[in-house]
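Student: Requesting a structural model of the entry that follows:
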Amino acid sequence: MSVSPVTVTHTTIMTSVAPGLESMTIVGSPRILLRPLGLLRLLELSSTCLAFSLVAHGGAWIGSTGNWCMFSWCFCFSMTLMILSMELGGFQRRCPLSWLNFPSICASYAFCFCLSSTIIYPVTYVQFLAHGEVREHALSATIFSCISCVAYITEVTWTRARSGQTVIYMATVSGRLKVFETFIACVIFLFISNPSLYKNSPALEWCVAVYAICFILTMVTIIVKVGNYTNIVPFNFPSFLTSMAFLSVLLYITAVVLWPLFQFNEVFQGQPHRTMDVTCQYKAPHSVCAWDRRLAVAVMTGVNLLAYMVDFKYSI
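Tutor: Residues are numbered from 1 along each chain as shown. Here you go, the predicted model:
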């Protein structure tokens, strides 16, 4: 009795990255790890893993800023691990999301999160640590966070939209801007996590509402694009993008005026000078005083206004 040889057939998926760096991935094959994009994701995975492992081992994180940095590294590690696992298992086609858009948006968010941690962690924590093993672990974590930033921005650059290629919305300027806008909104939410910064003031509460409304609208856009729902939404989606960008610009203009006016103008019971805030009279490695939080929100509001203005320009 003869046994017929078994033939294994692999499915090949082409993903456009940069010229000469095409990622021809064989679904369900370890060979994807030997491709440039696969090696880059292994670097992302290892650097973020080492960053949060070193910090956790040394116990060098506490408070809101430490929680943010730890969350950022863990989030980036988890998303990269999920993408690699799905590619190794060949589950891309079973994924209910657009696989062309999903890795691109993950890389964009990961870069923003790692960049913020690379800046926030040494500024608000490492510099206050005494010399010793814990400080060495914290410095090493910062270095690995820098490496992860370089790796993620490299992936973002490789997968950016180019003429003559299939258009991937999240790889276009408008798509990248929406990632940036939602990330900046997350940073703003982090700084206004203490309700005392805006409660009992209708103008400041309006600013918080502006941040929330624009964040939700932008996230809906990202979900619709990544989920391939543009053909089933009951409205013209390009027109929605233009209208949403225009509305966000108008809303942020009110916030960029009202927030600093009511936070730093004495006429509206604001504090124009940092020395007037008693919470800023001491240094703590895990805290940001109220006046610094107000200033950070004012700056981030201006940054997001510029982002929405550029987004509106591209949307039309």
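Student: This structure: strands as residue ranges?
Tutor: Using DSSP state E, the strands found in the chain span residues 12-15, 23-26.
Student: Phi and psi next, for residue 289.
Tutor: phi -70, psi 160 (degrees, to the nearest 10).
Student: Burial check on it, number of neighbours?
Tutor: 17 (other CB atoms under 10 Å). Glycine gets a C-beta too; all of them are placed from N, C-alpha and C.
Student: Same question for residue 34.
Tutor: Neighbour tally, residue 34, other CB under 10 Å: 10.
Student: which residues sit in contact with it?
Tutor: By CB atoms under 8 Å, 6 or more residues apart in numbering, no residues touch residue 34.
Student: Tell me if I'm right that residue 116 and residue 187 touch.
Tutor: Yes - counting by CB atoms under 8 Å, residue 116 touches residue 187, with 6.7 Å between them.
Student: Quote the end-to-end distance of stretch 85-95.
Tutor: 12 Å (CA to CA, to the nearest Å).
Student: and for stretch 214-229, what are the contacting residues?
Tutor: Here stretch 214-229 makes contact (CB under 8 Å, 6+ apart) with 96-98, 101-102, 105, 169-170, 175, 178-179, 181-182, 185-186, 189, 230, 233, 237, 240-241, 244, 247-248, 251-252, 304, 308.
Student: Could I have the PyMOL command that selects the buried members from the residues you listed?
Tutor: If you want just the buried ones from these in PyMOL, going by 16 or more other CB atoms under 10 Å, the selection is:
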select buried, resi 98+101+102+105+169+170+175+178+179+181+182+185+186+240+241+244+248+251+252+304+308
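Student: which residue is nearest the centroid of the protein?
Tutor: Nearest to the geometric centre of the chain sits residue 109, at 2.9 Å (CA atoms, centre = their mean).
Student: Can you tell me the closest non-neighbouring residue to it?
Tutor: In this structure, residue 109 finds its nearest non-sequential neighbour in residue 179, 5.8 Å apart by CB to CB, 6 or more residues apart in numbering.
Student: wait, what's in contact with that neighbour?
Tutor: 105, 108-109, 112, 170, 222.
Student: Just those: which are in helices?
Tutor: 105, 108-109, 112, 222 (DSSP state H).
Student: farthest pair in the residues you listed?
Tutor: 112 and 222 (13.3 Å; CB to CB).
Student: Those two: which is more packed in?
Tutor: residue 112 (23 against 19).
Student: is it true that that one touches residue 181?
Tutor: No - contact criterion CB under 8 Å: residue 112 and residue 181 do not qualify, at 10.5 Å.
Student: hmm, back to that, include distance to residue 200 and pLDDT when you put the ones in helices among the contacts of residue 179 into TSV, please.
Tutor: Formatted as TSV, the ones in helices among the contacts of residue 179 follow (distance: CB to CB, whole Å; pLDDT from 0 to 100):
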residue	distance to residue 200	pLDDT
105	38	89
108	37	92
109	34	93
112	33	94
222	34	90
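Student: Tell me the one of those residues nearest residue 277?
Tutor: Nearest to residue 277, judged by CB to CB, of the ones in helices among the contacts of residue 179 is residue 112 at 28.7 Å.
Student: can you pull the contacts of that closest one?
Tutor: 179-180, 183.
Student: Quickly note the distance from it to residue 144.
Tutor: 17 Å (CB to CB, to the nearest Å).
Student: Please apply the same query to residue 238.
Tutor: As judged by CB to CB, residue 238 and residue 144 stand 41 Å apart.
Student: So these two - more neighbours on which side?
Tutor: Taking neighbours as other CB under 10 Å, residue 238 and residue 144 compare with residue 144 leading, 23 against 11.
Student: where does the stretch 51-200 of the chain have low pLDDT?
Tutor: Within the stretch 51-200 of the chain, the stretches with pLDDT under 70 are 96, 160-167.
Student: Swap in 90 and give it another go.
Tutor: Confidence mapping of the stretch 51-200 of the chain against pLDDT under 90 gives the ranges 55-69, 83-105, 120-138, 156-175, 190-191, 193-200.
Student: all helices for it, in order.
Tutor: Using DSSP state H, counting those that start in this stretch, the helices of the stretch 51-200 of the chain run over 63-89, 102-124, 133-158, 173-191.
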